[in-house]
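Student: pasted the sequence and its predicted model underneath.
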Amino acid sequence: MRTFRILFFFLPFVVFLQACSLAPTYMRPDPMFPETVPVSWTQNQMSPETAENAAWWTAFNSNALLRLQQEGLAQNHNFSASGWQLAQAVAQSRVARASLFPWIGAEGRASRTGHHAGPADAFTMTDTISGGFQASYELDVWGRLRSQADSAAFMAEATLNDWRAVGLSLESDIAIAYFQLLALREKLSVQRNILSTAEQTLEYIAKQQRAGAASTLDLARQRSDVASMKARTQDLERQEQAAKNALNNLLGSAIIPAELDALMSAEAITKLTPPAVSAGLSSSLLLRRPDILKAEASLKAANANIGAARAAFLPMVNLTAQGGWQSDEFHTLFTPSSTLYALASSLVAPIFQGGRLVAQHDVALAWKEELVSRYQQTALSAFLETDTAIEAGGFLTQEEENRETAVREAGEAYRIVRVQYREGATDFLNLLDAQRTLLTAQDAQISVTLARLNTTVGLFKALGGGWGEKNPPQRQ
């Protein structure tokens with residue numbers, strides 16, 4: 001029992017011994033944002049409140065987009081894989097922290113040996129039974145183990161922000177892929193409508209040509225234009241199928257469910273309205289972005305790693321304890337006379353290792369400086385992405401208004417020219433030019449609408465999209 005009294009007195013002391021730390025005091029690097037934000041950041045319907053912009057895609061008022069986001073977050077394989085990567089990193093951080101605690105084990109052994117004491121003696125057998133406990137512990141006097149555990153914990157935090165970044169990118173990519181599909185369907189609808197009109201015009205010109213009222217050149221030109229429109233229609237159909245497959249890939253499924261496909265078919269890109277962005281006016285809001293949070297967590301891990309590299313120059317103190325029983329017979333195994341114990345301590349100090357410890361310390365310092373630069377570059381990219389999206393949003397809003405006017409006027413011009421051509425008041429070249437102008441204007445309007453929607457998505461992504469505080473669900 002004396003062994004246990006010594007052991008239980010000794011272990012609580014070493015377990016709760018507080019180690020010092022040789023890691024430098026962490027200070028967040030200057031993200032080097034401008035002292036004042038651009039004027040455009042206070043415009044474009046931006047609210048002065050700081051908001052997380054979570055579930056930003058619901059503000060597009062698209063039932064299909066809502067379902068697509070739900071399907072993607074639930075089924076996308078890359079997003080699932082990033083969740084399992086996070087689970088690995090968390091488990092690795094627990095492995096590193098386990099070194100802060102004692103190792104305790106138990107063992108039991110039984111053996112039987114036999115021998116002849118002499119030529120005439122009988123064969124003798126001896127039984128030996130033993131059992132006991134072992135414990136070992138490294139006194140973390142200089143904080144080496146704690147620094148390693150902290151570094152692993154910060155790397156797990158960096159992996160968490162990797163998971164957040166994957167989720168944010170997935171939401172953004174799904175929205176962009178869906179808008180692209182809607183735009184292609186709208187362009188295809190426009191193309192088919194004007195193709196139908198062009199084919200009607202071709203029939204009319206053919207009749208006129210047979211009657212001698214139209215030239216063979218006019219007929220050939222219209223046939224060429226109709227053929228080009230058919231080729232353009234086929235190209236858009238190919239692009240639509242490719243866009244649908246790209247969306248399926250993001251959803252982690254080979255086929256879009258029929259119910260979801262029906263929702264998508266009921267929507268049009270021209271009916272979607274980009275929501276106003278609620279983002280604060282200070283550029284410091286960008287520090288919520290997952291990529292910036294990841295860069296800072298990695299920097300904290302590197303800072304803690306410096307402490308471990310410094311502590312490696314100093315002696316290590318190890319404590320071991322053993323206690324148990326040994327006897328030739330089981331019924332006397334737990335008697336005081338069968339009790340054994342041993343306590344030991346060791347101190348190991350590095351003297352010469354060929355410069356390995358110095359090199360490890362230099363590596364740790366260089367890693368930290370690398371991550372400082374990467375943090376500042378990430379912050380700069382975040383600022384410029386946000387500024388680009390805000391500026392583009394303003395320009396695209398104005399361009400979209402002008403494109404709408406262009407389509408309206410081109411449509412009216414085409415209507416008038418068709419009437420004039422049938423009445424013989426204008427030639428075929430004017431009709432052909434009006435036909436192509438209308439198609440070009442309609443195509444450009446759809447493209448600028450798509451660009452404005454994508455720019456809004458890009459702005460939400462640049463602002464973190466509400467992922468700065470998200471955590472993965474508990475895995476069973």
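Tutor: Cool, got the structure.

Student: in which helix or strand does the nearest residue to residue 296 once chain neighbours are set aside reside?
Tutor: Using C-beta to C-beta, 6 or more residues apart in numbering and skipping the chain neighbours, the partner closest in space to residue 296 is residue 375 (6.1 Å). (C-beta placed from N, C-alpha, C; glycine too.) Element membership for residue 375, per DSSP states H and E: helix 356-422.

Student: what's the following helix or strand after that helix?
Tutor: Following helix 356-422 toward the C-terminus (DSSP H and E): helix 428-462.

Student: how far does that next one sit from the chain's center?
Tutor: Remark: helix 428-462 is offset 32 Å from the chain centroid, using C-alpha atoms, centre = their mean, to the nearest Å.

Student: for that helix, packing partners?
Tutor: Applying 3 or more C-beta pairs under 8 Å, 6 or more residues apart in numbering; DSSP states H and E, one finds that helix 428-462 contacts helix 144-210, helix 216-251, helix 356-422.

Student: same thing but 6 Å
Tutor: helix 144-210, helix 356-422 (3 or more C-beta pairs under 6 Å, 6 or more residues apart in numbering; DSSP states H and E).

Student: so how far is residue 398 from residue 437?
Tutor: 21 Å (C-beta to C-beta, to the nearest Å).

Student: find the nearest non-adjacent residue to residue 368, please.
Tutor: Nearest to residue 368 is residue 302, by C-beta to C-beta, 6+ apart, at 4.1 Å.

Student: cool, and residue 183?
Tutor: Leaving aside its sequence neighbours, residue 183 sits nearest to residue 450 (C-beta to C-beta, 6+ apart; 4.2 Å).

Student: OK, contacts around residue 163?
Tutor: 82, 86 (C-beta atoms under 6 Å, 6 or more residues apart in numbering).

Student: circling back to that earlier point, which residues does the residue nearest to residue 368 contact?
Tutor: Residues near residue 302 by C-beta under 6 Å, 6+ apart: 367, 368, 371.

Student: likewise for residue 168?
Tutor: Contacts of residue 168 by C-beta under 6 Å, 6+ apart are 290, 465, 467.

Student: what helices and strands are in contact with the helix holding residue 375?
Tutor: Contacts defined by 3+ C-beta pairs under 6 Å, 6+ apart place helix 356-422 against helix 290-311, helix 428-462.

Student: hey, which helix or strand in the protein has the poorest pLDDT?
Tutor: Using mean pLDDT, DSSP states H and E, helix 2-15 stands out as the lowest-scoring helix or strand of the chain, at a mean of 48.

Student: quick one: low-confidence ranges for the stretch 351-476 of the chain?
Tutor: 475-476 (pLDDT under 70).

Student: of all the helices and strands packed on helix 428-462, which lies closest to residue 472?
Tutor: Closest to residue 472 of the helices and strands packed on helix 428-462, according to C-beta to C-beta: helix 144-210, at 6.2 Å.

Student: state the mean pLDDT of that closest one.
Tutor: Per-residue pLDDT over helix 144-210 has a mean of 93.

Student: show me what the strand or helix carrying residue 69 is packed up against.
Tutor: Assigned by DSSP H and E, residue 69 belongs to helix 63-75. Under the contact definition 3+ C-beta pairs under 6 Å, 6+ apart, helix 63-75 sits against helix 144-210, helix 216-251, helix 258-265.

Student: could I get those helices as CSV with distance to residue 381?
Tutor: Supplementary listing: the helices and strands packed on helix 63-75 in CSV, determined by distance: least, C-beta to C-beta, whole Å:
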stretch, distance to residue 381
helix 144-210, 13
helix 216-251, 23
helix 258-265, 33
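
Student: most tightly packed of those helices?
Tutor: Looking across the helices and strands packed on helix 63-75 with neighbours counted as mean count of other C-beta atoms under 10 Å, the highest average goes to helix 144-210: a mean of 20.

Student: relative to helix 290-311, how tilted is that helix?
Tutor: Interaxial angle, helix 144-210 versus helix 290-311 (axes from the mean of the first three to the mean of the last three C-alpha atoms, to 10 degrees): 150 degrees.

Student: from the chain's centre, how far out does helix 144-210 sit?
Tutor: Counting by C-alpha atoms, centre = their mean, helix 144-210 is centred 17 Å from the centre of its parent chain.

Student: can you check stretch 264-279 too?
Tutor: Centre-to-centre, stretch 264-279 and its host chain are 24 Å apart (C-alpha atoms, centre = their mean).

Student: now swap in stretch 236-251 and tell me
Tutor: Stretch 236-251 has its C-alpha centroid displaced from the chain centroid by 22 Å (C-alpha atoms, centre = their mean).
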